[in-house]
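Peer 1: Pasting a predicted model and its sequence here:
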Amino acid sequence: MRRIVVVGASAAGLAAAETLRREGYDGTLTLVGDEPLAPYDRPPLSKQILAAEWEPERLALRTPDTLAALDLDLRLGVAATGLEPADRTVGLADGSALPYDGLVIATGVRPRRLPGEGAHVLRTLDDALALRERLTPGRRLVVVGAGFLGAEAAAVAWQLGVHVTLLEPAPVPLAHAIGTEVGQMLGQAHLKRGVDLRCGVTVTEVTDAGVRLGDGEVIEADEVLVAIGSLPNTRWLDGSGLTVGDGVVCDEYCRAAENVYAAGDVARWYNPLFGTSMRIEHRTTAAEQGMAAARNLLAAPQARKPFAPVPYFWSDQYDMKIQAFGYLRGHDEVTVVEGDLADSRFVAAYRSGDRVTGALAVGMPPKAIRQWRQAIATGATWHDSVSTTVPAVES
Ligand SMILES: Cc1cc2nc3c(=O)[nH]c(=O)nc-3n(C[C@H](O)[C@H](O)[C@H](O)COP(=O)(O)OP(=O)(O)OC[C@H]3O[C@@H](n4cnc5c(N)ncnc54)[C@H](O)[C@@H]3O)c2cc1C
């Protein structure tokens, strides 16, 4: 293989490029990114950047020297617009075409939006800086969506003295992902600080005055942040013949087609550890998948390894550090196995079928959750892992 193209210059794409070089690939390595910036980190956007605690320079994932040492053909500020697997070329927005022997797709996701103009979203550094500029004490911010992103932004805005209204269509924030009781506990964290969390509320559009709800009520705001999830960046793959369905569909090796692999937020792959296909939007998993995809691209077919990680994410909200391992969606039961929800210090374990498939900790040291990661990674049964004396909080 003499020409490899990686499309998407962020966590997954950079990890793929670095791994290719580390594994000894010395051919042409082109990294294409539609943002003009060198690869930077996104999690601090809704934390330290929004809080104005960090300047943007701190987000750089690598120093210029480290990037230069990769000997990349770096194409920043230009989007990939098409893929022709038969000719093995990637078309770029500047009209050029990049031939490849191997391709890694790492184009991430973009925010879903609401009808109407003028709302903020939070995905890029520019998004974060534009919102940060507006978060001055006494202003009114409506955040639409109380998922992790909306909750983090609401917490930072509250800390900055902004009047925050947090609107969530579900009866309990994040209940589908982390369970009703844990979701309620996170919701309480907003309410007890005076953030106006309203659940069961549908927003139909953004207006000049603020947002309009499903029942016609208008909630006035100086700024609106829409944080209602994201969509995989796969439009450039239309007509390519790749299977796309809520992400680039891949097998357990992250392989989408002959010599074409996908990694990070955009990839929907079969995770054999959980026996299901999944698309994960977590920082650590994106980098791990970039590495796995790169190794498999270089490997002979019999030497490829399935990508079977225990997904991991964290979230910072107010004084709470939330950490979770595993695949929590679709769980059958949640049990608090250490600590107490009421103290905002606990570990909760998640059961799917007879297995431990997830664990979430709030305000606990890393070692408290580590054993649960191990249980998930080894496919431990629920019965063996959870003491029968621990009362279930939800079933
Ligand atoms: C505000 C925020 C906070 C977050 N906080 C956390 C957290 O606390 N914990 C956690 O685990 N995860 C968090 N995440 C998620 C984490 O940042 C993502 O999982 C990670 O960035 C995914 O990396 P990626 O490389 O797959 O995709 P991305 O980071 O989305 O990068 C994809 C890149 O490809 C570019 N691109 C898209 N289309 C094209 C194209 N056609 N041509 C060229 N380039 C293209 C995009 O512009 C982008 O630069 C957060 C995300 C955001 C936005």
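Peer 2: Looks like it arrived, so ask away. Numbers count the residues shown, from 1 in each chain.

Peer 1: drop to CA atoms for contacts and neighbour counts, all remaining ones
Peer 2: Fine.

Peer 1: what pLDDT does residue 392 get?
Peer 2: Note on residue 392: pLDDT of 49.

Peer 1: Relative to the ligand, how far out is the spatially most central residue of the chain?
Peer 2: Central residue of the chain (Cα atoms, centre = their mean): residue 281, 2.6 Å from the mean position. Distance from residue 281 to the ligand, counting by Cα to the nearest ligand atom, to the nearest Å: 4 Å.

Peer 1: Can you classify that residue as helix, strand or coil?
Peer 2: Of the three states, residue 281 takes coil under DSSP: H, G, I helix; E, B strand; the rest coil.

Peer 1: Which residues are in contact with it?
Peer 2: The neighbourhood of residue 281, defined by Cα atoms under 8 Å, 6 or more residues apart in numbering, consists of 264-265.

Peer 1: how about it, phi and psi?
Peer 2: Phi and psi for residue 281, reported as degrees, to the nearest 10, are phi -110, psi 70.

Peer 1: OK, contacts around residue 326?
Peer 2: Shown in contact with residue 326 (Cα under 8 Å, 6+ apart): 310-312, 357-359, 373, 376.

Peer 1: between those, which is nearest the ligand?
Peer 2: residue 312 (6.4 Å; Cα to the nearest ligand atom).

Peer 1: Isn't that closest one up against residue 288?
Peer 2: No. Between residue 312 and residue 288 no contact is recorded; they are 10.6 Å apart, counting by Cα atoms under 8 Å.

Peer 1: For the stretch 51-200 of the chain, which segments count as helices?
Peer 2: For the stretch 51-200 of the chain, helices defined by DSSP state H, counting those that start in this stretch occupy the ranges 64-69, 125-134, 148-159, 175-178, 180-191.

Peer 1: Let me have those in a markdown table, extended by mean pLDDT, distance to the ligand and mean neighbour count.
Peer 2: Output for the helices of the stretch 51-200 of the chain, formatted as a markdown table (pLDDT from 0 to 100; distance: least, Cα to the nearest ligand atom, whole Å; neighbours: other Cα atoms under 10 Å):
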| stretch | mean pLDDT | distance to the ligand | mean neighbour count |
| --- | --- | --- | --- |
| helix 64-69 | 97 | 16 | 11 |
| helix 125-134 | 98 | 8 | 17 |
| helix 148-159 | 98 | 6 | 24 |
| helix 175-178 | 92 | 14 | 17 |
| helix 180-191 | 96 | 15 | 19 |
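
Peer 1: can you pull out the helices in the stretch 251-395 of the chain?
Peer 2: Secondary structure of the stretch 251-395 of the chain (DSSP H, counting those that start in this stretch): helices located at 283-298, 366-377, 382-385.

Peer 1: Just the buried residues of the last one, please?
Peer 2: Using 16 or more other Cα atoms under 10 Å as the burial criterion, the residues of helix 382-385 that qualify are 382, 385.

Peer 1: Restricting to C-alpha, output it in PDB.
Peer 2: C-alpha atoms of helix 382-385 as PDB (Å, rounded to 0.1, in the frame of the first residue of the first chain):
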ATOM      1  CA  TRP A 382     -24.900 -10.100  36.600                       C
ATOM      2  CA  HIS A 383     -25.400 -12.800  39.300                       C
ATOM      3  CA  ASP A 384     -21.700 -13.200  39.900                       C
ATOM      4  CA  SER A 385     -21.000  -9.500  39.900                       C
END
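
Peer 1: List the contacts of that helix.
Peer 2: 351, 354-356, 375.

Peer 1: Then the second one?
Peer 2: Residues lying outside helix 366-377 but in contact with it, judged by Cα under 8 Å, 6+ apart, are 273, 309-310, 325-326, 347, 349, 355-361, 385.

Peer 1: The residues you listed, buried ones only, as a ChimeraX selection?
Peer 2: Per 16+ other Cα under 10 Å, the buried members of those correspond to this ChimeraX selection:
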select :273,309,310,325,326,347,349,355,356,357,358,359,360,361,385
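
Peer 1: So which of the contacts of helix 366-377 reach the ligand?
Peer 2: Among the contacts of helix 366-377, no residue is within reach of the ligand (Cα under 6 Å from any ligand atom).

Peer 1: Closest one to the ligand out of the contacts of helix 366-377, please.
Peer 2: For these, the nearest to the ligand is residue 325 (10.2 Å; Cα to the nearest ligand atom).

Peer 1: Can you list which of the contacts of residue 326 are found in strands?
Peer 2: Under the assignment DSSP state E, the contacts of residue 326 contribute 312, 357-359 to strands.

Peer 1: Tabulate the residues you listed (a markdown table), appending pLDDT.
Peer 2: Output for the ones in strands among the contacts of residue 326, formatted as a markdown table (pLDDT from 0 to 100):
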| residue | pLDDT |
| --- | --- |
| 312 | 96 |
| 357 | 96 |
| 358 | 97 |
| 359 | 97 |
